[in-house]
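Visitor: Give me the fold of what follows.
(one chain, ligands or ions: 1)
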Amino acid sequence: MGLRIVSMISTEDSNWIVEERNGYRFPPGLKLNLPLYLSRRFFRVGNPILLFEHLTTTYGRMAHYRVGPSDIVLVNEPDFIREILIMQPQNFIKERTQKRMKILLGEGLITSDGESHKRQRRIAAPAFHRQRIQAYGSLMVERAATMREAWRPGVEVDVSAEMMRLSLEVVARTLFAQEVTPDILSINREVNAIMKLYNFLIALPRAEEYLHLPIPGLMRFRRARKRLDEVVYRMIAEHRASGVDRGDLLSMLLRSRDDEQDHSGMSDELLRDEVLTIFLAGYETVANALAWTWMLLGQNPEAEARLHAELDAVLDGRPPTLDDLSELRYTEMVLAESMRLYPPAWAMGRQATCDVALGPYLLPAGTYFFFSQYIIQRNADHFPDPLRFDPERFTPERKAGRSKFVYFPFGAGNRQCIGEAFAWMEGTLLMATIAQRWRLRLVAGQRLEVQPKITLRPKYGIRMVPELRAGAS
Ligand code: HEM
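Guide: Below you'll find the model as predicted:
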């Protein structure tokens with residue numbers, strides 16, 4: 001791997017150093033304002049994981065730095081993460097970069113806060129109930145089976161691109177009850193175009209206010225958003241007009257009512273925001289989780305052999321079904337361990353709305369807090385020999401012996417991933433279906449690097465060669 005990976009970080013011995021300023025008590029950290037620091041350490045620009053890693057190895061449990069007038073705190077202490085996400089979530093809102101996504105996602109679940117978020121969550125929750133999403137199991141297996149039939153022994157595939165294609169098919173079917181039609185492809189294309197411009201947009205202070213200006217980047221953004229809106233609103237209108245429950249998430253969202261308050265449903269604008277939110281949140285995350293899993297299995301033949309043995313014993317050659325999930329324990333442990341090392345959501349952030357006390361620290365209102373699954377899940381205090389791929393870390397006994405906040409790929413608290421059960425089901429079924437037939441060998445000499453964008457992607461893809469497994473016809 002080109003990226004220096006956090007190895008053997010230990011925060012246990014770091015002291016609770018307190019630096020007082022203006023009546024507040026800050027953790028230790030960088031003395032220079034960050035842009036100056038970054039210009040001196042130019043190589044860190046563009047990869048926040050390297051900065052977080054540096055802060056963690058230097059300052060331990062908590063680290064503080066400033067960017068312009070903003071105070072930023074990196075939190076590595078699981079108890080404080082619990083405090084922020086579970087004990088006092090009312091004192092925090094989503095941080096700025098996530099809020100900026102409002103320009104694409106409006107008031108959907110990821111970007112809304114407070115009462116508006118609570119209401120959206122109440123209305124969307126039934127669409128993600130376990131019973132409802134179980135209906136998607138067989139179509140997930142069917143899609144994976146089609147993909148596995150298309151592969152040929154010895155013919156190289158980029159598993160990163162393949163998993164994107166597969167999870168796009170799953171999202172098209174589950175969200176809209178459609179094949180990957182030109183409409184779905186155009187949603188995908190416009191969302192990708194917008195996400196490419198997103199880096200440019202978050203760099204502009206108060207970009208929201210300038211969106212109407214005739215600046216080429218902003219004009220491209222507006223055009224992409226207009227095309228996207230046309231497709232999504234048309235799909236909503238078609239669903240509304242037909243009036244039938246097609247069994248997909250959009251039908252469910254159309255029918256859901258806010259039973260706690262006025263029994264109202266979602267407006268078309270909110271539906272559009274939610275559809276795009278689910279599309280964005282539910283597709284690339286799962287694809288990346290699976291792509292990294294294939295890489296790890298290719299690097300760890302023992303774990304791969306155990307996985308194959310479980311699939312053969314439980315499935316005996318037939319396609320997996322929902323009923324098999326409880327038996328596919330090792331398969332799920334492989335996925336869990338893969339998301340420990342390569343968490344698709346690699347960091348989370350919040351901003352304090354009031355002064356916040358955390359242990360010996362007192363941080364002013366407005367402080368930004370970040371905590372990184374990538375960093376914490378590779379901490380040797382929580383996971384001995386952290387870089388070793390070892391699915392055994394996820395036996396029920398070993399899970400029970402750990403704090404929830406040393407492993408949180410789906411977040412926690414009132415904003416915990418609404419699609420978590422969906423993602424476990426999808427990840428496990430797709431993996432089982434493909435691994436039942438194929439063993440994937442890594443192409444030697446390729447560059448395997450992480451690229452921490454909104455999700456943790458493989459920067460150059462992951463090239464692998466399928467080999468037919470013994471006994472697979
Ligand atoms: C491996 C796959 C996935 C991972 C690792 C993941 C991770 C996360 C995380 C960490 C959050 C919380 C972010 C925060 O609190 O700041 C989140 C929220 C969310 N996720 Fe997922 N997710 C995955 C799959 C999915 C799927 C399949 C869907 C939908 C079908 C989905 C929909 C959402 C939504 C709508 C939210 C916002 C929830 C809220 O704020 O109320 N995710 N996800």
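
Visitor: What are the boundaries of the strands in the stretch 301-450 of the chain?
Guide: 348-352, 356-358, 361-363, 368-371, 438-442, 450-452 (DSSP state E, counting those that start in this stretch).

Visitor: So what touches the fourth one?
Guide: When contacts are defined by C-beta atoms under 8 Å, 6 or more residues apart in numbering, strand 368-371 is touched by residues 52, 70-76, 81, 84, 92, 95-96, 347-352, 363. For the C-beta atoms, the positions are set from N, CA and C on the backbone; glycine is no exception.

Visitor: Which ones, among those residues, also lie beside the ligand?
Guide: Residues of the contacts of strand 368-371 in contact with the ligand (C-beta under 6 Å from any ligand atom): Met348.

Visitor: If any of the contacts of strand 368-371 are buried, give me the PyMOL selection for them.
Guide: Command for PyMOL that selects the buried part of the contacts of strand 368-371, burial taken from 16 or more other C-beta atoms under 10 Å:
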select buried, resi 52+71+72+73+74+75+76+81+84+92+95+347+348+349+350+351+352+363
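
Visitor: In helices only, show me the contacts of strand 368-371.
Guide: Assignment to helices by DSSP state H places the following of these there: Phe52, Ile81, Arg96.

Visitor: Just the pLDDT at the second one, thanks.
Guide: To tie it back to what came earlier, the one meant is Ile81. pLDDT for Ile81: 97.

Visitor: How about it: what's its closest non-neighbour residue?
Guide: Nearest non-adjacent residue to Ile81, counting by C-beta to C-beta, 6 or more residues apart in numbering: Phe405, 4.4 Å away.

Visitor: Would you quantify the distance from the one you found to Arg393?
Guide: 16 Å (C-beta to C-beta, to the nearest Å).

Visitor: what does Arg441 give?
Guide: Taken as C-beta to C-beta, the span from Arg441 to Arg393 is 25 Å.

Visitor: Same question for Pro48.
Guide: 26 Å.

Visitor: These two: which has the busier surroundings?
Guide: Arg393 (20 against 16; other C-beta atoms under 10 Å).

Visitor: Contact partners for the residue nearest in space to the middle of the chain?
Guide: For the chain, the residue nearest the mean C-alpha position is Ala345 (3.2 Å; C-alpha atoms, centre = their mean). Going by C-beta under 8 Å, 6+ apart, Ala345 touches Thr285, Gln373, Pro409, Phe410, Gly411, Cys417, Thr455, Leu456.

Visitor: swap in Phe128?
Guide: Phe128 touches Leu249, Ile418, Gly419, Ala421, Phe422, counting by C-beta under 8 Å, 6+ apart.

Visitor: Of those residues - the most surrounded one?
Guide: Result: Leu249 is most packed of these (other C-beta under 10 Å), 27 neighbours.

Visitor: Was I right to think that residue contacts His129?
Guide: No - contact criterion C-beta atoms under 8 Å: Leu249 and His129 do not qualify, at 11.2 Å.

Visitor: rewinding a little: any idea which of the strands of the stretch 301-450 of the chain scores lowest on pLDDT?
Guide: Looking at the strands of the stretch 301-450 of the chain, the weakest mean confidence is strand 450-452, a mean of 90.

Visitor: Would you pull up the residue in the stretch 1-150 of the chain closest to the ligand?
Guide: Across the stretch 1-150 of the chain, no residue is closer to the ligand than Leu109, which sits at 4.0 Å (C-beta to the nearest ligand atom).

Visitor: pretty sure that residue contacts His117?
Guide: Yes - contact criterion C-beta under 8 Å: Leu109 and His117 qualify, at 6.8 Å.

Visitor: ok, which residues in the protein are in contact with the ligand?
Guide: 109-110, 121, 277-278, 281-282, 285-286, 289, 344-345, 348, 409-411, 415, 417-419, 422-423.

Visitor: For whichever residue of the stretch 301-450 of the chain sits closest to the ligand, report the pLDDT, please.
Guide: Closest contact between the stretch 301-450 of the chain and the ligand, by C-beta to the nearest ligand atom, is at Gly419 (2.2 Å). The model reports Gly419 with a pLDDT of 96.

Visitor: quick one, phi psi at Gln178?
Guide: phi -130, psi 160 (degrees, to the nearest 10).

Visitor: That one and Ile184 touch, don't they?
Guide: Yes - counting by C-beta under 8 Å, Gln178 does reach Ile184; the two are 6.3 Å apart.

Visitor: Now for the two: what residues contact both?
Guide: In contact with both Gln178 and Ile184: Ala172, using C-beta under 8 Å, 6+ apart.

Visitor: between these two, who's got more neighbours?
Guide: Under the criterion of other C-beta under 10 Å, the comparison of Gln178 against Ile184 puts Ile184 first, with 21 against 17.

Visitor: Go ahead and list the helix or strand containing the more buried one.
Guide: Element membership for Ile184, per DSSP states H and E: helix 182-203.

Visitor: Okay, helices next: where are they in the stretch 351-473 of the chain?
Guide: Taking DSSP state H, counting those that start in this stretch, the helices of the stretch 351-473 of the chain run over residues 373-376, 396-400, 420-437.

Visitor: for the last one, which positions count as buried?
Guide: Which is helix 420-437. So, applying 16+ other C-beta under 10 Å, buried residues of helix 420-437: 421-437.

Visitor: which among the residues of the chain next to the ligand end up buried?
Guide: Buried, going by 16+ other C-beta under 10 Å: 109-110, 277-278, 281-282, 285-286, 289, 344-345, 348, 409-411, 415, 417-419, 422-423, out of the residues of the chain next to the ligand.

Visitor: Verify the stated contact: Arg393 with Ser338.
Guide: No - using C-beta under 8 Å as the test, Arg393 is too far from Ser338 to be in contact (11.3 Å).

Visitor: could you give the angle of the longest helix along the chain to strand 438-442?
Guide: Secondary structure of the chain per DSSP H: the longest helix is helix 268-299. On the basis of axes from the mean of the first three to the mean of the last three C-alpha atoms, to 10 degrees, helix 268-299 is oriented at 80 degrees to strand 438-442.

Visitor: Could you give me the buried positions within helix 268-299?
Guide: Buried residues in helix 268-299, defined by neighbour count with 16+ other C-beta under 10 Å: 270-298.
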